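Asker: Need coordinates for the below:
(4 chains)
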Protein chains: 2
Amino acid sequence: MAKIKAAKNGTKKDAITKKAAALFRRKGFASSSMRELADSIGVEASSLYNHIGSKSEILQSICFKVANDFNMHLNEVETISGNAVSKLENLIRFHIHMMLDNYDEVHVANHEWKQLEEPYLSNFLNQRKIYEGRLVEIINEGTSTRELKSINPHVAILIILSAVRGLEFWQRHKKNVSIEDLGNDMVNHLLNGLTI
Amino acid sequence: MAKIKAAKNGTKKDAITKKAAALFRRKGFASSSMRELADSIGVEASSLYNHIGSKSEILQSICFKVANDFNMHLNEVETISGNAVSKLENLIRFHIHMMLDNYDEVHVANHEWKQLEEPYLSNFLNQRKIYEGRLVEIINEGTSTRELKSINPHVAILIILSAVRGLEFWQRHKKNVSIEDLGNDMVNHLLNGLTI
DNA sequence: AAAAAAAACTAATAACCGTTAGTTTTGCAG
DNA sequence: CTGCAAAACTAACGGTTATTAGTTTTTTTT
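Answerer: Predicted structure coming up:
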């Protein structure tokens, strides 16, 4: 009769959610069964229901935790710093850190949000739309102060967000490059371009 | 007793695969049932098995068709054109076209390849690794001729590939921007950067 | 028109799914 | 040590899944 181990400063629900993020990231939400999740914890599937409400609820926890982290950081960026370029640089580096430090959760939020049920699906999509809108505003700010080229701001944030999301494929070569170098290269490429 | 309609120059299997790509894109492979697929065609689920071998086989068809299209185009690019920058521009524009013209198939290949069974999974990943390696070689070529900055070539192609993949989220605003403008903006941002 | 082949159908299978009910075990407070 | 609550267990539920077998209908070929 195994037991679910909670990390310190964390509930057993948190421990389940963490294991679930790893499983959902590897196999996808729909292809992961509660029995598999229970196995990876060392417990029977029905035991999970002493701590969580449903399989869906786990996905919701993961997705909205990630969304919240990004929103909180954007709040800080908007109040604290100065010009648009430094804001963008700050954001790019934060996205890189989130991707590397919370790999499973960010990956699941990016890929499995489609499996959310209403009204959570609409809520999630709405939050992301608002987040992107705030980033577009930073781009517009930068073009009006002539820091940035006159470019379609939606295309610009699409490129930036997609590029940092692409870090989910980075694992393979991460041996050779430090996180600082990675951040520098990405900021440099995304802001200054590839050509000389 | 409805019938499966094949497009001209196409088999009934192709027609099923096309409908499957649309369904898998909307709901994900694992969350799509053969009964749903059959419904969307107007036929019973068991009837599909007169034309296809299995659900997995459909996913294989989609993924490897897309991979093959990209490989074929890269073959052309490597033989025909001149400097590295024009090759990259050519590739970026092709990726944009593929994404917008074969939206469902490219989306499924990008998102659902994880659900491939062995040995198809390994085969697919290997093909993608080789494809990326050839792109890295183009970047290296560009830096050695001093067309491009000295940058980690893996980071560069990660950014470029991720940015074009991000076009799957483009649908929403595509009303305002022509495909040529979109291509120009992306090529300009990815090659020349965002800052003035 | 008859025969053959292709492609649809109905019905069923065994496996697996999330989840619940009821029971037993565990760990802690008195 | 006793009692109680938390959390584990076993067993089962109704539902869905991909797929198969066997049959009937439709289309093509002779």
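Asker: switch to C-alpha atoms for all contacts and neighbour counts from now on
Answerer: Will do.
Asker: for chain B, what are the nearby residues on chain A?
Answerer: Contacts of chain A with chain B, taken as C-alpha under 8 Å from any C-alpha of the partner chain, map to A:27, A:30-31, A:111, A:114-115, A:146-149, A:151-152, A:155-156, A:158-167, A:182, A:185-186, A:189-196.
Asker: If any of these are buried, give me the ChimeraX selection for them.
Answerer: Here is the ChimeraX command that picks out the buried ones among the residues of chain A next to chain B, judged by 16 or more other C-alpha atoms under 10 Å in any protein chain shown:
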select /A:111,114,115,147,148,149,151,152,155,156,158,159,160,161,162,163,164,165,166,167,182,185,186,189,190,191,192,193,194,195
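Asker: The residues of chain A next to chain B in helices, which ones?
Answerer: A:27, A:111, A:155-156, A:158-165, A:182, A:185-186, A:189-192 (DSSP state H).
Asker: got the residue ranges for the helices in chain A?
Answerer: Counting by DSSP H, the helices of chain A are A:12-27, A:34-41, A:55-80, A:84-101, A:103-112, A:120-144, A:153-165, A:179-192.
Asker: Tell me which other helices or strands the fifth one touches.
Answerer: In terms of contacts (3 or more C-alpha pairs under 8 Å, 6 or more residues apart in numbering or on different chains; DSSP states H and E), helix A:103-112 is packed against helix A:12-27, helix A:55-80, helix A:84-101.
Asker: what angle sits between it and helix B:103-112?
Answerer: Relative orientation of helix A:103-112 versus helix B:103-112 (axes from the mean of the first three to the mean of the last three C-alpha atoms, to 10 degrees): 160 degrees.
Asker: Residues in contact with helix A:103-112: which ones?
Answerer: A:18, A:21-22, A:24-25, A:28-29, A:62-64, A:66-67, A:98-99, A:168, B:111 (C-alpha atoms under 8 Å, 6 or more residues apart in numbering or on different chains).
Asker: Pretty sure A:Gly193 sits against B:Leu190.
Answerer: Yes. With contacts counted by C-alpha atoms under 8 Å, A:Gly193 reaches B:Leu190, the gap being 5.7 Å.
Asker: can you list the helices of chain A in TSV and add distance to DNA strand D?
Answerer: Compiled in TSV, the helices of chain A are given as follows (distance: least, C-alpha to the nearest atom of the strand, whole Å):
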stretch	distance to DNA strand D
helix A:12-27	7
helix A:34-41	8
helix A:55-80	13
helix A:84-101	27
helix A:103-112	18
helix A:120-144	20
helix A:153-165	29
helix A:179-192	37
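Asker: Could I get these in TSV, plus columns for mean pLDDT and distance to B:Val136?
Answerer: Output for the helices of chain A, formatted as TSV (pLDDT from 0 to 100; distance: least, C-alpha to C-alpha, whole Å):
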stretch	mean pLDDT	distance to B:Val136
helix A:12-27	97	27
helix A:34-41	98	38
helix A:55-80	97	31
helix A:84-101	93	21
helix A:103-112	97	25
helix A:120-144	96	30
helix A:153-165	93	16
helix A:179-192	87	15
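Asker: Now do the buried residues in stretch A:13-20.
Answerer: Result for stretch A:13-20 [16+ other C-alpha under 10 Å]: buried residues A:Lys13, A:Asp14, A:Ile16, A:Thr17, A:Lys18, A:Lys19, A:Ala20.
Asker: And the contacts of that stretch?
Answerer: Contacts of stretch A:13-20 (C-alpha under 8 Å, 6+ apart): A:4-7, A:37, A:40-41, A:48, A:51-52, A:58, A:61-62, A:105.
Asker: Could you do stretch A:158-174 as well?
Answerer: Contacts of stretch A:158-174 (C-alpha under 8 Å, 6+ apart): A:92, A:95-96, A:99-100, A:103, A:107, A:190, B:158-167, B:186.
Asker: related to what we said a few turns ago, out of the buried residues of stretch A:13-20, which is nearest to DNA strand C?
Answerer: Nearest to DNA strand C, judged by C-alpha to the nearest atom of the strand, of the buried residues of stretch A:13-20 is A:Ala20 at 11.0 Å.
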